[in-house]
Every structure is written in C-alpha cells, then in structure tokens.
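Peer 1: Show me how the following folds:
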Amino acid sequence: MEFDWHFALGLIGGLLALGAIIPYIKDILHGTTRPNVVSYSLWAILLSISLLAQLSAGASWSAALIIGDLIGTTIIVALCVAGYGYRKHGWGEKVCLALAILAIVSWQLTQEPVIAIMFAVLADAMAAMPTLMKTFRDPWSELPTMWLIIALGALCAAFSTTIVDPANLIFPIYLLLMDGLIGVVALVGRNIVPEPVQEV
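Peer 2: Numbers count the residues shown, from 1 in each chain. Now for the predicted structure:
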C-alpha cells in the first residue's frame with residue numbers, strides 16, 4: 001500500500017491545531033489567561049464558514065486543520081460560557097460580525113465559496129489585530145506555544161492539499177502568517193520584557 005503523505009500532513013496539521021489548545025486551556029483553568037467569549041465565538045463562526053465553503057468547493061486534506069482549530073475554539077467558547085472568560089466587546093467585534101454575515105450572504109448570492117473564505121479571512125484578521133497589539137504591549141498575556149504550534153499545523157495543511165487552488169490554500173496560509181506572527185511577537189517580547197506586565 002502506497003504511503004499517502006498528503007493524508008499524513010493533513011492529519012498532523014489537524015492534530016497540531018487541536019493539540020495546541022491544551023496548554024492554552026491549562027492557562028485558562030489556572031486563571032492566567034481569560035479569553036474573550038465574543039472574539040472566540042466569532043472565530044468559531046468564521047472557521048465554520050471557511051470549512052463549509054472549502055467543502056463546497058471540493059475540500060482536500062488541508063480541511064483537517066480547520067476542523068482541528070474549530071474543535072479547539074469551540075472548547076474555549078464553552079469554557080468562556082462556563083465562567084472562565086470575559087464578555088467585553090467593542091467596534092472590532094462588531095465589524096467582524098458584519099463581515100461574517102457579509103461572507104455568508106455573498107457566498108449564497110454568488111455561489112462562490114472563495115469569496116466567502118476571503119471575507120472570513122478578512123474578518124478573522126480584524127479579530128486578530130487587538131490580540132496582536134495586546135501581545136506586542138504585554139507579551140506575557142499570550143502563550144506563544146499555542147500560536148506557533150497552530151502555525152506549524154497550518155504549514156503542514158498547506159503542503160497536504162491535493163487540490164492546489166485558493167479555496168484550499170487561502171486559510172492555511174493566512175493562519176500560518178497571522179498565528180506565526182503573534183507567536184513570534186510573544187516569544188521575542190518575553191525575552192525583552194522579563195517579567196509579566198503588572199496591571200495598575
């Protein structure tokens with residue numbers, strides 16, 4: 001039987017995305033990290049849109065990354081609802097919600113899943129900007145391991161695809177760049193700022 005390295009890379013990407021959440025959950029349960037239920041709920045919606053759009057366009061093994069990330073994100077939403085998160089939201093979350101709705105509507109009107117994925121990526125990037133800026137100001141507020149592991153999973157997912165088209169590559173490449181950037185900012189920042197920033 002011939003070894004299917006596309007399947008192997010896709011599976012590794014999905015497992016890395018799911019496994020990356022374990023240390024993050026540990027930090028949440030210890031009270032070190034308090035995720036925003038609004039942001040993570042939006043991310044769950046955006047991942048769902050991307051997954052459905054990719055499946056409708058003809059998914060490859062790269063979809064395993066989105067599945068793993070979606071499961072992990074949903075677990076975090078459940079923890080937030082259970083009392084481990086906070087519910088603050090601002091204009092950024094409202095813009096993300098509007099873009100998510102626009103993604104769904106445009107997809108249904110045009111029947112073009114790639115458009116839905118691009119809107120989902122744009123909305124996800126909007127949601128990630130506050131986290132990126134927060135990490136730059138206080139690198140101890142985010143766990144670099146989680147972001148870097150998901151970025152590695154995204155790299156595996158990008159190479160796992162058997163269908164080289166925008167529908168299968170846009171989201172993995174985006175996650176590789178964005179999550180990798182947040183992870184590097186947190187990691188480098190912790191070497192510059194040796195102690196966690198104290199709230200005043």
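Peer 1: now the helices for the chain?
Peer 2: For the chain, the helices defined by DSSP state H occupy 5-19, 21-29, 37-58, 63-79, 91-110, 113-137, 144-160, 166-192.
Peer 1: can you tell me which of those comes nearest to G85?
Peer 2: Minimum separation from G85 across the helices of the chain (C-beta to C-beta) falls at helix 37-58, 4.4 Å. All C-beta atoms are positioned from the backbone trio N, CA, C, and that covers glycine.
Peer 1: which residues of the protein score low on pLDDT?
Peer 2: 1-2, 86-89, 92-93, 195-200 (pLDDT under 70).
Peer 1: Can I get stretch 156-167 in PDB, CA atoms only?
Peer 2: The C-alpha coordinates for stretch 156-167 follow below in PDB (Å, rounded to 0.1, in the frame of the first residue of the first chain):
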ATOM      1  CA  CYS A 156       1.500  21.100   7.200                       C
ATOM      2  CA  ALA A 157      -2.000  21.700   6.000                       C
ATOM      3  CA  ALA A 158      -0.800  23.900   3.100                       C
ATOM      4  CA  PHE A 159       1.500  21.100   1.900                       C
ATOM      5  CA  SER A 160      -1.100  18.400   2.400                       C
ATOM      6  CA  THR A 161      -3.600  19.700  -0.100                       C
ATOM      7  CA  THR A 162      -4.200  17.600  -3.200                       C
ATOM      8  CA  ILE A 163      -6.200  20.400  -4.800                       C
ATOM      9  CA  VAL A 164      -4.000  23.400  -5.400                       C
ATOM     10  CA  ASP A 165      -6.500  26.200  -5.500                       C
ATOM     11  CA  PRO A 166      -7.400  29.300  -3.500                       C
ATOM     12  CA  ALA A 167     -10.300  27.600  -1.700                       C
END
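Peer 1: quick one: contacts of it?
Peer 2: 5-10, 12-14, 16, 53-54, 57-62, 64-65, 113-114, 117, 168-169, 172-173, 175-176 (C-beta atoms under 8 Å, 6 or more residues apart in numbering).
Peer 1: 6 Å instead, please
Peer 2: By C-beta atoms under 6 Å, 6 or more residues apart in numbering, the surrounding residues in contact with stretch 156-167 are 6, 9-10, 12-13, 54, 57-58, 60-62, 65, 113-114, 168, 172-173.
Peer 1: now those residues: which count as buried?
Peer 2: 6, 9-10, 12-13, 54, 57, 60-62, 65, 113-114, 168, 172-173 (16 or more other C-beta atoms under 10 Å).
Peer 1: which residue sits closest to P113 in space, ignoring its chain neighbours?
Peer 2: A53 (3.6 Å; C-beta to C-beta, 6 or more residues apart in numbering).
Peer 1: Surely L175 and L152 touch.
Peer 2: No: the pair L175 / L152 is not scored as a contact, 10.3 Å apart, by C-beta atoms under 6 Å.
Peer 1: Those two: which is more packed in?
Peer 2: Ranked by neighbour count (other C-beta atoms under 10 Å), L175 and L152 place L175 first, with 28 against 19.
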